[in-house]
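> need a structure here:
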Amino acid sequence: MLAGLLTVTVAAGPVLMGAGPAAAAPADRFAATGQAQLAVTPGEVGAIASVISAAFTAYRTFTAGSLSVEDATRQILNAIYSAKVEVMARIDAVAAAQARACAQDAVLDFENFDSYSRDSQEAFAMAARSCVNLIDSLLATGPDKAAADQLGFALLAVGPIMLIVRSRIGVSNTSMIPVLIRSTQAVITQLTPTCNSRILEGRTQWFCRVYGDHTGGYDTSLSLAQRTATGRTSRPVAQRSLPILQTL
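Residues are numbered from 1 along each chain as shown. A predicted model of the protein is given here:
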């Protein structure tokens, strides 16, 4: 028998919505169109998280002097392209047209960077920087969670590309690393699940929800309910990437 119900926000952060099986979130406007609800599995998100963290790690290895800029470029390209289908599927789902287009260009054209003229390389690097700044500004407006989710995938795909191509043309990333850190933190915060607990037959059970059908529970483990709820969002990708960015 249900003995009690407690609603909590599991981690600090703005833009949090109520959660629970019956909670209808008016902010989930993209869910109605299907734009941000394209099928994705936790395994696909895990693959994206692995390749993006590998790409950022390659850049960190370059900055530490243990990898040439050319070798770092190849490692970043190989990492991202090893899950290119999964990465592009998430970028293609971004509702903000300008952010979607610039992220598509960065990922799809990155493999051609070495064949570009110097002027074209500089233009590519500037476009990648502008793309990261655009996504950062969109996240700063506090979009609904469906939009923040897809912006997170785009941001973290473009991020390592932007860093390495700017290094290739001899431009410092001192000003851009804080932007990546801030926007990655925003993804984590805005996709923080809200969780309900209930007491059933003397045991606490947890139900967590990020938005739409991104839910988890009822589980006796709060951390499991959280991970299940966020497992198909860009939050795990951001969580894997942030510690690396913070060491740059």
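> Setting the sequence-adjacent residues aside, check what's closest to the residue nearest the centre of the chain.
Nearest to the mean C-alpha position of the chain, by C-alpha atoms, centre = their mean, lies residue 152 at 3.1 Å. Leaving aside its sequence neighbours, residue 152 sits nearest to residue 234 (C-beta to C-beta, 6 or more residues apart in numbering; 3.0 Å). From N, CA and C alone the C-beta is placed, and that goes for glycine too.
> So what are the structural domains in the protein, by residue number?
1-33+193-232, 37-191+237-248 (automatic domain parsing).
> most packed of those?
domain 37-191+237-248 (a mean of 19; mean count of other C-beta atoms under 10 Å).
> Quick one, grab the pLDDT at the residue nearest to residue 152.
pLDDT, residue 234: 99.
> now do residue 140
pLDDT for residue 140: 98.
> quick thing: my sequence starts at 237, can you match it?
Sure thing, new numbering starts at 237, so read that last one as residue 376.
> hang on, it packs against residue 422?
Yes. The pair residue 376 / residue 422 is scored as a contact, 6.9 Å apart, by C-beta atoms under 8 Å.
> lowest-confidence helix or strand of this protein?
helix 265-269 (a mean of 33; mean pLDDT, DSSP states H and E).
> which residues sit in contact with residue 292?
395, 396, 399, 477, 480, 481 (C-beta atoms under 8 Å, 6 or more residues apart in numbering).
> What strand or helix carries it?
Assessed by DSSP states H and E, residue 292 sits inside helix 278-299.
> For that helix, what is the distance to the chain centroid?
Relative to its chain's centre, helix 278-299 lies at 11 Å (C-alpha atoms, centre = their mean, to the nearest Å).
> hang on, the earlier thing: take the contacts of residue 292 and keep only those in helices.
With helices taken from DSSP state H, the overlap with these comprises 395, 396, 399, 477, 480, 481.
> quick one: the fifth one and residue 290 touch, right?
Right, the one you point to is residue 480. No. With contacts defined as C-beta under 8 Å, residue 480 does not count as touching residue 290, sitting 9.5 Å away.
> what's the least confident stretch among the domains of the chain?
domain 237-269+429-468 (a mean of 67).
> Distance to residue 382 for the ones in helices among the contacts of residue 292 - can I get that in a markdown table?
Below are the ones in helices among the contacts of residue 292 laid out as a markdown table (distance: C-beta to C-beta, whole Å):
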| residue | distance to residue 382 |
| --- | --- |
| 395 | 21 |
| 396 | 24 |
| 399 | 27 |
| 477 | 20 |
| 480 | 26 |
| 481 | 24 |
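> between those residues, which is closest to residue 454?
residue 477 (30.3 Å; C-beta to C-beta).
> dump the residue contacts of that closest one.
285, 288, 289, 292, 392, 395, 420.
> Return the distance of the fourth one relative to residue 313.
When C-beta to C-beta, to the nearest Å is the yardstick, residue 292 and residue 313 sit 14 Å from each other.
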